[in-house]
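# Predicted model and sequence below, questions to follow.
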Amino acid sequence: MGRFLQGRQPEELPRHRYRRRRGRFRRPDLGSLRLRLGQALHDHRHDPRTAGRNHHPASAERLQPARPAPVHHGTPGRLDGDPSHPYRPLSRPARLHPHLAQPRHCRSEEPLIHDLDAQLKDPNPEGAAIALYRTRAYRFTDDPRHYVLAEVLEERYAQGITPNAATLAYLSATLDQIRATGQLPPFSADIAAAEGIDLRQELEARAPYAPRPLATHTPRTLVFIVGAPRSGTSHLYNVLASTGHYAYFTTASCWAWPVRNLAHPARQSFESISDTVLAVDNKNTRLIPGLVMPYEAEDLYARTIPTYRHLGGHAYEITRAGLTDPLTLTASIQAHCAHFDRPAFITKSPFNSLRIPQLDAITGHRALFVTITRDQAGTADSMRRNHFRFHQGGIPLTEEEAWEVFTAATDAAPAERTIHVTHRDLLADSRGEVDRIQRLIQSLGIREPYPAATR
């Protein structure tokens, strides 16, 4: 559980398991990407706003703490009413993070967290880059310093504090490299130092949030939404999560410290804003700093039940699913149930269509599955428009073939515990379909907690 937080220093982290594979995709211009990353670092060293700061490559490790030592978060794994506890429910008040009280060079008149409705229509490009860097870092690197940098930048931005221009250039170049190669560049301590981020202190503050078993918060009902990519899984997930009956993984959840980000004052749950958020595609809502939406948590699933290799962008090599770390998955589910203070849990990922046997085994063959199906032509067209590409056995798949692979995989769901939904019916009568699904979940739901996962 939280293995990299137990005595490992960032320099000792293992190399990322996903390797670039040859395919039909255009080779990236790595020279150009390296030039942009180098230029971003050069701009930081010569930025007058950060003049006089130590920019030695190891400077972030030697910085003297600029703030008091991190607050002790109580006994891990116990809900004792302490509002600073890592697993406090959503409704409990949270403390202001220390770095938000410090003056910065680019504070706007009004925190962006108060303007979420407007951002749904027109996400800010700077905020989008920060939010996307965070979620991509969770998925495609094991170096937690990337997570810390992204989280601090995003939390500050949600409060109206903009990073240096050179930092934004670095993030843009990093995202370009992820799209091209599927990997992040090595972490830059200079970037963190220029933003005044004490990496060691931030990592220590996150240690109490590392995943650990919370048996008393094992869900009594657990629902997996499965289906092909671009078939409506996200919309169904959002609508069911908005009922307030379920705990769920979110856009702010991190596999390394599952619920640390959820109660931060710079973040706001989609449950507390208008229903207009449900009409916005998840590819846009995930780009809004401070907005906490239901999310597929592939950073967690890809580590616990890997079933693909990331090739870059939305390109994946599909592989046979294998169960590697069920304890981390169940501990993260329990942490979210404790945070939301809800006994039912719902989750979705199109890739979970390929993991149904493993997911069913982890939950003692008692989980419920909701399969959503969209017509092949409509799904394939949406995959093309959103640049999804899949390989299997080293052979590129057409979008229609990818639809067949994912749709056929959902047949592995046990018939007696599966609820079927069509994309067409969901769009035609969303309220009616949700009511029908809710009734079926209630009638099929397990009343006793699921057994704890074992290796």
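That came in fine, so what should we check first? Numbering: from 1, shown residues only.
# Next up, phi/psi of Thr221, please.
Taking degrees, to the nearest 10, you get phi -130, psi 130 for the backbone angles of Thr221.
# hey, what's it bridged with?
Under DSSP bridges, the beta-bridge partners of Thr221 are Ala344.
# got the contact list for it?
Counting by CB atoms under 8 Å, 6 or more residues apart in numbering, Thr221 makes contact with Pro343, Ala344, Phe345, Leu368, Ile441, Gly445, Ile446. Backbone N, C-alpha and C define where each C-beta goes, glycine included.
# export those residues to a markdown table and tack on distance to Arg139 and pLDDT?
Compiled in a markdown table, these are given as follows (distance: CB to CB, whole Å; pLDDT from 0 to 100):
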| residue | distance to Arg139 | pLDDT |
| --- | --- | --- |
| Pro343 | 29 | 93 |
| Ala344 | 26 | 95 |
| Phe345 | 21 | 97 |
| Leu368 | 26 | 96 |
| Ile441 | 29 | 94 |
| Gly445 | 31 | 72 |
| Ile446 | 31 | 63 |
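# which two in those residues are spaced the farthest apart?
Comparing all pairs in those by CB to CB, the longest separation belongs to Pro343 and Leu368, at 14.0 Å.
# between those two, who's got more neighbours?
Between Pro343 and Leu368, counted using other CB atoms under 10 Å, Leu368 has the larger neighbour count: 24 against 17.
# if we can go back for a sec, ok, of the contacts of Thr221, which one's closest to Arg286?
Minimum distance to Arg286 across the contacts of Thr221 is 20.2 Å, recorded for Phe345 (CB to CB).
# And for the closest residue to the closest one other than its chain neighbours, the neighbour number?
Using CB to CB, 6 or more residues apart in numbering and skipping residues adjacent in sequence, the residue nearest Phe345 is Pro219, 4.0 Å away. Counted by other CB under 10 Å, the residues lying close to Pro219 total 24.
# Tell me if I'm right that Pro219 and His245 touch.
No - at 11.4 Å, Pro219 does not count as touching His245 under the criterion of CB atoms under 8 Å.
# if I look at those two, which residues touch both of them?
By CB under 8 Å, 6+ apart, Pro219 and His245 have these common neighbours: Ala344.
# that older thread, so what's the predicted local confidence for the residue nearest to Phe345?
Note on Pro219: pLDDT of 94.
# quick one: it from Leu300, how far?
15 Å (CB to CB, to the nearest Å).
# likewise Ala192?
Taking CB to CB as the measure, Ala192 falls 25 Å from Leu300.
# show me what contacts Leu236?
Counting by CB under 8 Å, 6+ apart, Leu236 makes contact with Ile225, Lys348, Val370, Ile372, Val421, Leu426.
# In a helix, the last one, correct?
Yes - assignment of Leu426 by DSSP: H, G, I helix; E, B strand; the rest coil places it within a helix.
# Give me the neighbour count for it.
Around Leu426 there are 19 residues (other CB under 10 Å).
# excluding its backbone neighbours, what's nearest it?
Using CB to CB, 6+ apart and skipping residues adjacent in sequence, the residue nearest Leu426 is Glu433, 5.0 Å away.
# now the closest residue to Thr398 other than its chain neighbours, what's its secondary structure?
Nearest in space to Thr398, with sequence neighbours left out and distances taken as CB to CB, 6+ apart, is Ala380 at 7.5 Å. Classification of Ala380 by three-state DSSP places it in helix.
# I'd say Ala380 and Glu400 touch.
Yes - applying CB under 8 Å, one finds Ala380 in contact with Glu400, separated by 4.8 Å.
# where do the strands sit along this structure?
Using DSSP state E, the strands of the chain run over 221-226, 268-269, 291-292, 308-312, 314-318, 344-348, 368-373, 388-392, 395-397, 418-422.
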